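# A predicted structure for the sequence below; I have some questions about it.
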Amino acid sequence: MPVDFAALKALHAAAGDRHILDLFSRDPDRATEFSARADGLLFDYSKTNIDAQSREALLGLLDTAGVAEKREAMFSGEKINDTEGRAVLHTALRNLDGGPVTVGGKDVMPGVRDTLARMEAFADRLRRGEATGVSGAPFEDVVNIGIGGSDLGPVMAYEALKPYVDGPRCHFVSNVDGAHVHDVLAGLDPRTTLVIVASKTFTTIETMTNAKTARAWLVETLGEAGVARHFAALSTAGDKTAEFGIAPDLVFGFEDWVGGRYSVWGPIGLSLMLAIGPRTFTDFLRGGQAMDRHFRTAPWAENLPALLALVGIWHNQICGHATRAVLPYEQRLLRLPAYLQQLEMESNGKRVAMDGTDLPFDSGPVVWGEPGTNGQHAFYQLIHQGTRVVPCEFMVGKYGHEPDLAHQHELLVANCLAQSEALMRGRSLVEATEIMETKGFSGAELERQARHRVFPGNRPSTVLAYEKLTPFVLGQIVALYEHRVFVEGVILGINSYDQWGVELGKELALALHPVLAGTADGAGKDGSTLQLVDYLKT
Ligand SMILES: O=P(O)(O)OC[C@H]1O[C@](O)(CO)[C@@H](O)[C@@H]1O
């Protein structure tokens, strides 16, 4: 049944400009009542304007939208991506000791386990120096060439798990801008470099162009014979990897039921596995699996993915806040905002419902962010005093990985909690006036100066707290956000697993390329495009 936000909007309207602080005054247990835990994670959404009544109504959306049934449909391999006729089974990649998962009557788990075992065997051999390049020298550097989900997942996780890296250095090339591949290869020795071409389709123009550049770079030093030993492929398209010259034993395949932005758990995570080792990679999978278990079994009121989704729906569709900031107080999560941009915006940035009718409400929000504390010195000004409300999602760990720098970690945590508090508390005109009086201002100038220093407050934020950013915890966090996207998508009635919106630009770029190269004319193009082609063609 399609959801109806009218009742929730009425509750929101009735709350008027009620202050979040009043909710705390009325309910001394609010912090615990508006928090939930899962396997060591704590999600605190008490600093939002959601009260018991609106939460009840939000939870009701889950039943109306049939989230429980759709969740089981996803986990059991039904083709819920119905515009592409595909199942959505990234969860099978971390179903380490679970039962069979069938797609079209066939259990996919033997294939998943087989590929994982092949990846592990290769990673072990490479890390021991047994899988070598043609010169016999061990691989010291790994270059992952991919884009979108074939880049963001591994690069995000590699950066996040740097303290666990004890294998080769990894580098990531994604942009078709030649500067990217040039700068990465410039520092590397082809004799000790493994190039991984990560592309589900093996047709993505950026990836294939960069892969050809890397191939030419390698062949220049090692000859054609080097390709079979120095290139690996992660793809669903075995025929195309063979055409490229990649040895079949270095092709790690997966099925079309793994979406690009959900693919870090399988072969697309090979660079990460090479860097941290198969055992540590398994810890990452176990974290994802633990979140799957939690998502399937925890009651909705304690279910982290469901709660994150409902908070998201409240802020976006009900309160009308069109963006949300993801603010990890964890430097190593520097690529998480970019990762979540693809995960959330490519999944839920849709304008029609499953049945093809126009969505009667806004779809997913604009997601953006930056690690704290850097963001504080960049865009927090707008978050605190701008005219638009930006719901903020803070993340922070109890421990860092640098025991010698524990005092810095404390400062980091203090900053995170202070920002969340400041957004809620604000600073009134009275308080600002008192401060400016002590600085010697008076009369009209006192008021003018004070007004610049007012913080409206009552701005919502959530905090996701964890012990330490281990591989397990990273797995939990990534799976948490995946399932949050799923729940939001089901409530909105959209297909979170296709991405038709990326196609038109790709097609037009292909058509413009010959115009820029001067081998085709620009017939039919608009005046602006032609003017720019004229200026930019070389
Ligand atoms: O892995 P591929 O097939 O190269 O695709 C890369 C990316 O391109 C997209 O299809 C569109 O941006 C993403 O969904 C995907 O992650």
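Arrived safely, thanks for sending. Numbers count the residues shown, from 1 in each chain.

# In contact with residue 462, which residues?
If you count contacts by C-beta atoms under 8 Å, 6 or more residues apart in numbering, residue 462 has them with 43-45, 47-48, 308, 311, 391-394. Bear in mind the C-beta positions are built from the backbone N, C-alpha and C, glycine included.

# Ok, residue 396 next?
328-330, 412-413, 416-417, 463-466.

# one more time with 6 Å
Applying C-beta atoms under 6 Å, 6 or more residues apart in numbering to residue 396 gives the contacts 329, 413, 416, 465.

# same question, residue 494
residue 350.

# and the contacts of residue 396 as a markdown table, adding secondary structure and pLDDT?
A markdown table is the format used below for the contacts of residue 396 (DSSP: H, G, I helix; E, B strand; the rest coil; pLDDT from 0 to 100):
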| residue | secondary structure | pLDDT |
| --- | --- | --- |
| 329 | strand | 98 |
| 413 | helix | 98 |
| 416 | helix | 98 |
| 465 | strand | 98 |
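
# can you list the contacts of residue 462 in TSV and add distance to the ligand?
TSV is the format used below for these (distance: C-beta to the nearest ligand atom, whole Å):
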residue	distance to the ligand
43	27
44	32
45	30
47	34
48	31
308	22
311	26
391	26
392	27
393	23
394	27
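
# and of the residues you listed, the nearest to residue 490?
When those are ranked by distance to residue 490 (C-beta to C-beta), residue 308 comes first, at 13.5 Å.

# Report the closest residue of the stretch 151-300 of the chain relative to the ligand.
Going by C-beta to the nearest ligand atom, the ligand is nearest to residue 260 of the stretch 151-300 of the chain, at 2.5 Å.

# tell me the pLDDT at that residue?
Looking at residue 260, its pLDDT reads 97.

# That one and residue 149 touch, don't they?
Yes - judged on C-beta atoms under 6 Å, residue 260 makes contact with residue 149 at a distance of 3.2 Å.

# And the helix or strand hosting residue 73, what does it pack against?
Using DSSP states H and E, residue 73 sits in helix 67-75. In terms of contacts (3 or more C-beta pairs under 6 Å, 6 or more residues apart in numbering; DSSP states H and E), helix 67-75 is packed against helix 471-492.

# other SSEs contacting the helix it packs on?
helix 52-65, helix 67-75, helix 278-297, helix 304-313, helix 347-348.

# Give me the pLDDT for the residue of the stretch 351-500 of the chain found nearest the ligand.
Going by C-beta to the nearest ligand atom, the ligand is nearest to residue 499 of the stretch 351-500 of the chain, at 4.8 Å. Residue 499 carries a pLDDT score of 97 in this model.

# and it, how many residues sit next to it?
21 (other C-beta atoms under 10 Å).

# So it is in contact with residue 346, correct?
Yes - if you go by C-beta under 6 Å, residue 499 and residue 346 touch, sitting 5.0 Å apart.

# How much space separates the nearest residue to residue 49 once chain neighbours are set aside from residue 429?
Spatial nearest neighbour of residue 49, excluding adjacent residues (C-beta to C-beta, 6 or more residues apart in numbering): residue 20 at 5.5 Å. To residue 429, residue 20 is 19 Å away according to C-beta to C-beta, to the nearest Å.

# next one: residue 309
Taken as C-beta to C-beta, the span from residue 309 to residue 429 is 37 Å.

# okay, those two: which has more neighbours?
Legend: neighbour count by other C-beta under 10 Å for residue 309 and residue 429, higher for residue 309 (27 against 12).

# Identify the spatial nearest neighbour of the more buried one, chain neighbours not counted.
Per C-beta to C-beta, 6+ apart, closest to residue 309 is residue 487, 3.6 Å.

# Per-residue pLDDT of the one you found, please?
98.

# Residue 310 is in contact with that one, correct?
No - at 7.8 Å, residue 487 does not count as touching residue 310 under the criterion of C-beta under 6 Å.

# ok, now how distant is residue 39 from the ligand?
28 Å (C-beta to the nearest ligand atom, to the nearest Å).

# Residue 234: what secondary structure?
strand (DSSP: H, G, I helix; E, B strand; the rest coil).

# got the contacts of residue 396 as CSV, with distance to residue 86 and neighbour count columns?
Shown next, in CSV, are the contacts of residue 396 (distance: C-beta to C-beta, whole Å; neighbours: other C-beta atoms under 10 Å):
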residue, distance to residue 86, neighbour count
329, 37, 24
413, 42, 17
416, 39, 24
465, 36, 20
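
# wait, which of those residues is closest to residue 131?
residue 329 (38.6 Å).

# contacting residues around the closest one?
For residue 329, the contact set (C-beta under 6 Å, 6+ apart) comprises 372, 396, 412, 416.

# can you do 7 Å?
Shown in contact with residue 329 (C-beta atoms under 7 Å, 6 or more residues apart in numbering): 371-372, 394-396, 412-413, 415-416.

# From those, which one has the minimum pLDDT?
Among the contacts of residue 329, pLDDT bottoms out at residue 372, giving 94.

# Pairing partners for the closest residue to that residue other than its chain neighbours in the sheet, please.
In this structure, residue 372 finds its nearest non-sequential neighbour in residue 329, 4.2 Å apart by C-beta to C-beta, 6+ apart. Note on residue 329: beta-bridge partners residue 396, judged by DSSP bridges.

# How about the residues of the stretch 51-200 of the chain by the ligand?
For the stretch 51-200 of the chain, the residues in contact with the ligand (C-beta under 6 Å from any ligand atom) are 147-150, 199-200.

# From those, which land in helices?
149-150 (DSSP state H).

# export the residues of the stretch 51-200 of the chain next to the ligand to a markdown table and tack on pLDDT, neighbour count and distance to residue 15?
Listed next are these as a markdown table, based on pLDDT from 0 to 100; neighbours: other C-beta atoms under 10 Å; distance: C-beta to C-beta, whole Å:
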| residue | pLDDT | neighbour count | distance to residue 15 |
| --- | --- | --- | --- |
| 147 | 98 | 20 | 43 |
| 148 | 97 | 21 | 40 |
| 149 | 97 | 24 | 39 |
| 150 | 97 | 29 | 44 |
| 199 | 96 | 27 | 48 |
| 200 | 91 | 25 | 45 |
